[in-house]
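Participant: heads up, no residue letters with this:
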């Protein structure tokens with residue numbers, strides 16, 4: 001069991017903490033909970049986001065992506081996920097997904113993205129994660145950026161996210177070049 005103080009932030013807040021090895025276990029525990037609930041609808045479930053990258057400082061919220069063949073199938077996950085504590089947030093401003101938050105507004109612990117397998121969001125999540133897992137220098141650069149932005153935008157998660165976008169686009173462009181080589 002993962003300690004309660006390991007995970008969570010109030011909705012809209014930004015706080016970056018040092019990487020914790022227990023995040024992997026927190027993801028694994030949640031994945032085990034998710035498969036019986038939505039397994040008939042999804043193709044795969046993956047740990048994504050900063051908590052999935054060893055050594056990367058992060059917001060202490062576990063990001064999970066569940067992949068479906070179409071977003072219409074993803075709609076079938078809404079009620080089962082609500083029964084286990086996930087709040088449906090529609091696309092939360094990012095078209096092409098269903099988005100869920102777990103935990104109270106005062107302590108969000110997990111974000112679940114339901115996306116189409118091989119779609120643009122899927123590709124971006126997986127390529128970005130895998131690139132950082134293989135490039136330590138990018139992990140260091142990203143951590144420094146996140147820490148700096150968190151200080152500036154502690155109470156403004158939207159601006160914090162927007163300000164990280166340039167780095168993310170640059171990494172995705174590098175992964176595309178590597179794939180084409």
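Facilitator: Great, that's in hand. Small disclaimer: the values here were computed from a predicted structure and weren't measured.
Participant: any chance you could map the helices in the chain?
Facilitator: With DSSP state H as the criterion, the chain has helices at 22-38, 71-74, 78-83, 120-134, 136-152, 157-180.
Participant: other SSEs contacting the longest one?
Facilitator: When you say that, I think you mean helix 157-180. Judged by 3 or more Cβ pairs under 8 Å, 6 or more residues apart in numbering; DSSP states H and E, the packing partners of helix 157-180 are helix 120-134, helix 136-152. (C-beta placed from N, C-alpha, C; glycine too.)
Participant: picking up where we left off before, which of the helices of the chain sits closest to residue 92?
Facilitator: helix 157-180 (10.5 Å; Cβ to Cβ).
Participant: nearest spatial neighbour of the residue most central in space within the chain, chain-adjacent residues omitted?
Facilitator: Centrality entry for the chain: nearest residue to the mean C-alpha point is residue 63, 2.7 Å, by Cα atoms, centre = their mean. The shortest distance from residue 63 to any non-neighbouring residue, by Cβ to Cβ, 6 or more residues apart in numbering, is to residue 49 (2.9 Å).
Participant: got any ranges where the protein has weak pLDDT?
Facilitator: Scanning the chain for pLDDT under 70 picks out 1-5.
Participant: how many neighbours does residue 56 have?
Facilitator: The number of residues packed near residue 56 is 23, by other Cβ atoms under 10 Å.
Participant: verify the contact between it and residue 18 for me.
Facilitator: No. Residue 56 sits out of contact with residue 18 when judged by Cβ atoms under 8 Å, with a separation of 9.3 Å.
Participant: what's the burial count for the closest residue to residue 176 other than its chain neighbours?
Facilitator: Excluding the flanking residues, the one nearest residue 176 by Cβ to Cβ, 6+ apart is residue 127, at 7.9 Å. Look at residue 127: counted by other Cβ under 10 Å, it has 17 neighbours.
Participant: who's in contact with residue 127?
Facilitator: Shown in contact with residue 127 (Cβ atoms under 8 Å, 6 or more residues apart in numbering): 172, 175-176.
Participant: which of the residues you listed count as buried?
Facilitator: residue 175 (16 or more other Cβ atoms under 10 Å).
Participant: okay if I get the contacts of residue 127 as CSV plus distance to residue 163?
Facilitator: Converted to CSV, the contacts of residue 127 look like this (distance: Cβ to Cβ, whole Å):
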residue, distance to residue 163
172, 16
175, 21
176, 22
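Participant: which one of the contacts of residue 127 is nearest residue 133?
Facilitator: residue 175 (11.6 Å).
Participant: so what's that closest one up against?
Facilitator: Per Cβ under 8 Å, 6+ apart, neighbours of residue 175: 127-128, 130-131.
Participant: quick one on the thing from earlier: which one, of the helices of the chain, ends up nearest to residue 110?
Facilitator: helix 22-38 (5.9 Å).
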